[in-house]
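In: Give me the fold of what follows.
(4 chains)
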Number of protein chains: 2
Amino acid sequence: MRKSAERRKAEIVTVVLALADRIGPDRVTTGAVATAIGVTQAALFRHFPTKAALWQAVAEHVAEGLAAAWEDALSRGDGPIVRLRALIAAQFAQIAATPALPMLLFSRELNVTNAELRATFHGLLTAFRGLLAREVGAGQEAGILRGDIETVDAAVLLTSLVQGVAIRWALGARDFDLQGEGLRLFEVQLRLLAAERE
Amino acid sequence: MRKSAERRKAEIVTVVLALADRIGPDRVTTGAVATAIGVTQAALFRHFPTKAALWQAVAEHVAEGLAAAWEDALSRGDGPIVRLRALIAAQFAQIAATPALPMLLFSRELNVTNAELRATFHGLLTAFRGLLAREVGAGQEAGILRGDIETVDAAVLLTSLVQGVAIRWALGARDFDLQGEGLRLFEVQLRLLAAERE
DNA sequence: TTGATAAGTGAGTAAGTAATTACATACATC
DNA sequence: GATGTATGTAATTACTTACTCACTTATCAA
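Out: Numbers count the residues shown, from 1 in each chain, chains lettered A, B, ... in the order given. Below you'll find the predicted structure:
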């Protein structure tokens, strides 16, 4: 029943993310989190001085998860196409594992209350685009991808693909496999980006 | 100072959208709206029975604006490519005119409190994708666009493009011209989708 | 000019919000 | 087994929220 501070903190962060998905990030009150865990509301402030600090911890948790997934994806493959596919797959996997992520990007906690969080997440999106751009550039130099397209433009198209599918999934009924549909469309876009050969 | 109910209603809706952009949709309190207008908070309830009804009116206003912009775009052009470009341009123009739109899609007002609004907006996105798909199909039949791509997939890629650029604009510093950058990337994607000719 | 109607006000209420406090108790360490 | 510390609680705080109601007053038609 009673847990160490470290494990309790982790539990709180997890519950916040789950609640954010279920009832929306801005409806996550300290009371709701507490009852979902099974402690009193005051107990939360044993572990986080303010609610903003709680959200900060949540953001760091998410950011670390994303960074780790990207690193893992890049270390796996060898060719640029394989690595591109792994990056996209990792991104979809992270979103599926944390469905509140798209909503979180637009929550007031992130955009208004905590300017630092906003910068953090915006930086994450930029970093992801940068990783994609590097692989696209490698593919272009290798002659696998069309060279008559700006590298960064191709990267933007790919990040947009992820966001577009994620939005459709998050706002809709979530009645399709996010990663499957996302990777299918990635292959379509990849065919468009491929250098022509006959 | 004193206005007719019709004009006051319209003013309230406008102010709500402006406030939603500035402080986030979920921080738009009846008090904040009232002081932004220059009336007391109680005055709002003269025109809308509940806050949910207010949001309903806001959603209808936005939906009507989008539908009108699409209709106008379609009536303008003649060829499928021209109409595609006009649809994309219209969408970017609407987002630029109502910057709260992307946030609104993910607000709790839309996603949790009012299930009807959620369905409305989700339907709008689907409708837009449908309009794009029709033009893409026409372009494919005319031999202007590649035929080896599923029509709906191309439409999804185009809506994703809009959403991706809009997200980058809304979450970033808004330091670039949304419509200009959006249309530039549209031309890039269009080149990828074009039937090859040499 | 007058009277009816519609727009706006001032002063409230009840329900929720994050945060604080004094107090209790489980748990590891000696 | 005693004891100090860290985790948790009950009660309460000051504040914000949407919403109500009895009232005032601007506006306009007769």
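In: Restrict stretch A:164-173 to CA atoms and write it as CSV.
Out: C-alpha atoms of stretch A:164-173 as CSV (Å, rounded to 0.1, in the frame of the first residue of the first chain):
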residue,chain,number,x,y,z
GLY,A,164,-1.9,13.6,-40.1
VAL,A,165,-2.4,9.9,-39.4
ALA,A,166,-2.1,10.4,-35.7
ILE,A,167,-4.7,13.1,-35.7
ARG,A,168,-7.1,11.0,-37.7
TRP,A,169,-6.6,8.2,-35.2
ALA,A,170,-6.8,10.3,-32.1
LEU,A,171,-9.9,12.3,-33.1
GLY,A,172,-11.7,9.4,-34.8
ALA,A,173,-12.9,6.3,-33.2
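In: what is the mean pLDDT for the helix or strand containing residue A:166?
Out: Using DSSP states H and E, residue A:166 sits within helix A:151-171. Helix A:151-171 shows a mean pLDDT of 96.
In: Any part of whichever helix or strand comes after it near chain B?
Out: Note on helix A:151-171: by DSSP H and E, the next helix or strand toward the C-terminus is helix A:178-193. Yes: interface with chain B: helix A:178-193 contributes A:185, A:188, A:189, A:191, A:192, A:193 (C-beta under 8 Å from any C-beta of the partner chain). (Each C-beta comes from the backbone N, C-alpha and C, glycine too.)
In: who touches the fifth one in this structure?
Out: Contacts here follow C-beta atoms under 8 Å, 6 or more residues apart in numbering or on different chains; on that basis residue A:192 touches B:146, B:149, B:189, B:192, B:193.
In: Spit out the contact partners of residue A:31.
Out: Counting by C-beta under 8 Å, 6+ apart, residue A:31 touches residue A:41.
In: and it, that's in a strand?
Out: No: per DSSP: H, G, I helix; E, B strand; the rest coil, residue A:31 lies outside any strand segment and is helix.
In: Give me the secondary structure label for residue A:149.
Out: What three-state DSSP gives for residue A:149 is coil.
In: Could you double-check that residue A:139 lies in contact with residue A:80?
Out: Yes: taking contacts as C-beta atoms under 8 Å, residue A:139 lies within contact range of residue A:80: 4.0 Å.
In: what touches both of these two?
Out: Common contacts of residue A:139 and residue A:80 (C-beta under 8 Å, 6+ apart): residue A:145.
In: what is the mean pLDDT for stretch A:133-143?
Out: In this model, stretch A:133-143 has a mean pLDDT of 97.
In: Output that stretch as CSV, restricted to C-alpha atoms.
Out: Output in CSV follows, covering the C-alpha atoms of stretch A:133-143 (Å, rounded to 0.1, in the frame of the first residue of the first chain):
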residue,chain,number,x,y,z
ALA,A,133,16.2,14.9,-43.0
ARG,A,134,19.6,13.3,-42.4
GLU,A,135,18.4,9.9,-43.6
VAL,A,136,16.5,11.5,-46.6
GLY,A,137,19.8,13.3,-47.5
ALA,A,138,21.7,10.0,-47.3
GLY,A,139,19.1,8.3,-49.5
GLN,A,140,19.3,11.1,-52.1
GLU,A,141,23.1,10.9,-52.2
ALA,A,142,22.9,7.2,-52.7
GLY,A,143,20.6,7.7,-55.6
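In: So is the lowest-mean-pLDDT helix or strand in chain A next to chain B?
Out: Scoring the helices and strands of chain A by mean pLDDT, DSSP states H and E places helix A:108 at the bottom, with a mean of 71. Yes: using C-beta under 8 Å from any C-beta, helix A:108 reaches chain B at residue A:108.
In: Could I get the pLDDT score of the closest residue to residue A:140 other than its chain neighbours?
Out: Closest residue to residue A:140 apart from its sequence neighbours, by C-beta to C-beta, 6 or more residues apart in numbering or on different chains: residue A:147 at 5.0 Å. Model confidence at residue A:147, given as pLDDT, is 95.
In: what about residue A:147, neighbour count?
Out: Neighbourhood size, residue A:147 [other C-beta atoms under 10 Å in any protein chain shown]: 10.
In: Using the three-state scheme, assign residue A:102.
Out: Look at residue A:102: counting by three-state DSSP, its state is helix.
In: Verify the stated contact: it with residue A:164.
Out: No: counting by C-beta under 8 Å, residue A:102 sits too far from residue A:164 to count as a contact (10.9 Å).
In: Show me which of these two is the more surrounded one.
Out: residue A:164 (24 against 19).
In: what's the closest non-adjacent residue to the more buried one?
Out: Going by C-beta to C-beta, 6+ apart, residue A:164 has residue B:160 as its nearest residue, at 2.4 Å.
In: ok, residue A:196 - contacts?
Out: A:146, B:196.
In: Which residues of chain A lie near DNA strand D?
Out: Counting by C-beta under 7 Å from any atom of the strand, chain A comes close to DNA strand D at A:2-5, A:8, A:38-43, A:46-47.
In: Below-threshold pLDDT in chain A: ranges please.
Out: Applying pLDDT under 70 to chain A flags the ranges A:110-111, A:197-198.
In: Flag every residue of it that's near DNA strand C.
Out: Going by C-beta under 7 Å from any atom of the strand, the residues of chain A near DNA strand C are A:1-2, A:27-32, A:41-42, A:45, A:49-52.
In: Out of the contacts of residue A:192, which comes closest to residue A:114?
Out: Distance to residue A:114 across these (C-beta to C-beta) is lowest for residue B:189, with 34.6 Å.
In: Go ahead and confirm that closest one touches residue B:158.
Out: Yes: taking contacts as C-beta under 8 Å, residue B:189 lies within contact range of residue B:158: 6.7 Å.
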